[in-house]
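# coordinates only, sequence not included:
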């Protein structure tokens, strides 16, 4: 079964805000027999307000890096990023690039992430989550 990693900002969002789009993506992709890997899984203990910028999180980078290594594509949603760069998300972009995983980025045209290094690592750059999901489905079901 194909797998898609769901990358996107968490810091500064509530647990539900960080997880809502991932639930939508998982439901949509499951209809096409595509498994999703969420960095939010097993993190429900964080459901206590706005998520902090964690200074120590043993095991999380290893799990997320392994998820990217074993997935078929990465869907990165930056629609709700605001004016804060998501360091963890961009580290995941770097892992995706070095592991040669296709990356579908969903962001606004004027997103703070507009940068040559980011732009050159992308496979696709779209403006809506629906467009990103449709593309992700097609990429892994070729």
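Sure thing, it's come through. Treat the numbers as computed from the prediction; the structure is a model and nothing was measured.
# Next up, the contacts around the nearest residue to residue 17 once chain neighbours are set aside.
Distance criterion Cβ to Cβ, 6 or more residues apart in numbering; nearest residue to residue 17, sequence neighbours excluded, is residue 80 at 7.0 Å. All C-beta atoms are positioned from the backbone trio N, CA, C, and that covers glycine. Taking Cβ atoms under 8 Å, 6 or more residues apart in numbering as the contact definition, residue 80 lies against 8-9, 13, 17, 21.
# Filter the residues you listed down to the buried ones and hand me the ChimeraX line.
A single ChimeraX command selects the buried members of the contacts of residue 80 (16 or more other Cβ atoms under 10 Å):
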select :8,9,13,21
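# I'd like the contacts of residue 80 laid out as TSV, including secondary structure and pLDDT.
Formatted as TSV, the contacts of residue 80 follow (DSSP: H, G, I helix; E, B strand; the rest coil; pLDDT from 0 to 100):
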residue	secondary structure	pLDDT
8	coil	96
9	coil	92
13	coil	81
17	helix	86
21	helix	97
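# quick one: which of the contacts of residue 80 is nearest residue 122?
Nearest to residue 122 among these is residue 8, at 14.3 Å by Cβ to Cβ.
# Is it correct that that closest one is in contact with residue 77?
Yes - contact criterion Cβ atoms under 8 Å: residue 8 and residue 77 qualify, at 4.1 Å.
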